[in-house]
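Participant: Next one to model:
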Amino acid sequence: MLDTPLLDIALEEDLGVPYCDITSSLLFADVNKVSTAKVISKHPTPITICGLPIVNQLIKKLDGSLEIQTKYQDGQTLLPGEVLLTLTGSPKTLLMLERTMLNFLQHLSAVSTLTAKFVDLIKHTQTKILDTRKTLPGFRRLEKYAVQCGGGVNHRMGLYDAIMIKDTHIDALGNIHTALSKLPENILEKCPVIVEIRSLSELETALSESRKISRVLLDNMTPDLLSQCVKLCKNKLPTEASGNINLNTVVSVAETGVDFISVGKITHSAENVDLSMRCEI
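Facilitator: Presented below is the predicted three-dimensional model:
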């Protein structure tokens, strides 16, 4: 899964075809010795690591003679100032790899780190953090992998692997009953069905036709309304909350007893962590 066409695109956009770093090629043309590079965390707080298998894939594509050493695995914590990994090889190749490698490590570790913050805040509950489709184009599989590394749970991958009846569908058709009537009776044998709910009346309709529903999505509700809906769904349908949920509000949402909370922020607004590569040439 982690060896995606995106890795080839990333290398080609930085190095061209055939791969070339004209600066390093000129400056180190007469340097034949083996050099060492270390990737170190300069982030002010601990981070949750993600992207080590990608570094291995990039090395295979660029120069299989490079050697990588690390005591870490994706999903583990890296403290400020600690060395994430050490690379050994020609200085020219190390410098060719640097930016592409760091771009992946910094972004994916940012996603896993932010996810881990959400997960840690609600660890006293049974609620799980879900991702969404709000991902960078081309990065979805990698970002969803990063969510897993941070302790989150993957939602549907796209529009092709689950049915989600949202407010736009419901409004276009008039009501939830009409939308659900268009689904075959055995739909759950083929794929999950998630229905967005905005009010108690919509929930009552959904519960009356629960045979066609896998989960209800309780969207943009106050904690009080959310609590009422969760109680009505108990032992009937799993529940999911969504709608601009952040680190300041996630605890109150989780404490309503909802089964899942979907958070677009963990992928679309994760700020890069600070990792740096230092060469010893």
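Participant: Show me where this structure has its strands.
Facilitator: Along the chain, the segments classed as strands by DSSP state E run 35-41, 47-48, 67-69, 77-78, 83-89, 128-130, 163-165, 193-197, 215-219, 239-242, 260-262, 275-280.
Participant: Please convert those strands to CSV, extending it with distance to residue 228.
Facilitator: The C-beta positions use only the backbone N, C-alpha and C, and glycine is treated the same way. Written out in CSV, the entries for those read as follows (distance: least, C-beta to C-beta, whole Å):
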stretch, distance to residue 228
strand 35-41, 45
strand 47-48, 35
strand 67-69, 53
strand 77-78, 38
strand 83-89, 47
strand 128-130, 21
strand 163-165, 21
strand 193-197, 11
strand 215-219, 10
strand 239-242, 11
strand 260-262, 17
strand 275-280, 45
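Participant: Of the ones you listed, which stretch is the most buried?
Facilitator: The densest packing among these, expressed as mean neighbour count by mean count of other C-beta atoms under 10 Å, is seen in strand 47-48 with a mean of 26.
Participant: now for it, which elements pack on it?
Facilitator: Counting contacts by 3 or more C-beta pairs under 8 Å, 6 or more residues apart in numbering; DSSP states H and E, the secondary-structure elements packed against strand 47-48 are strand 77-78, helix 91-121.
Participant: Could I get the phi/psi values of the residue sitting furthest away from the middle of the chain?
Facilitator: What lies farthest from the middle of the chain is residue 30; by C-alpha atoms, centre = their mean that is 42.8 Å. When quoted as degrees, to the nearest 10, the phi and psi of residue 30 stand at phi -100, psi 10.
Participant: likewise residue 199?
Facilitator: Comment: the main-chain dihedrals of residue 199 come out as phi -150, psi 170, following degrees, to the nearest 10.
Participant: quick one: contacts for it?
Facilitator: Taking C-beta atoms under 8 Å, 6 or more residues apart in numbering as the criterion, residue 199 is in contact with no other residue.
Participant: Same check on residue 191?
Facilitator: With contacts taken as C-beta under 8 Å, 6+ apart, residue 191 has the following neighbours: 161-163.
Participant: right, and residue 54 touches residue 142 too?
Facilitator: Yes: the criterion here is C-beta atoms under 8 Å, and residue 54 meets it with residue 142 at 7.4 Å.
Participant: Tell me the buried residues in stretch 132-143?
Facilitator: Buried residues in stretch 132-143, counted by 16 or more other C-beta atoms under 10 Å: 132-133, 135, 139-140, 142-143.
Participant: of these, closest to residue 258?
Facilitator: Lowest distance from residue 258 to the buried residues of stretch 132-143 (C-beta to C-beta) belongs to residue 132, with 15.7 Å.
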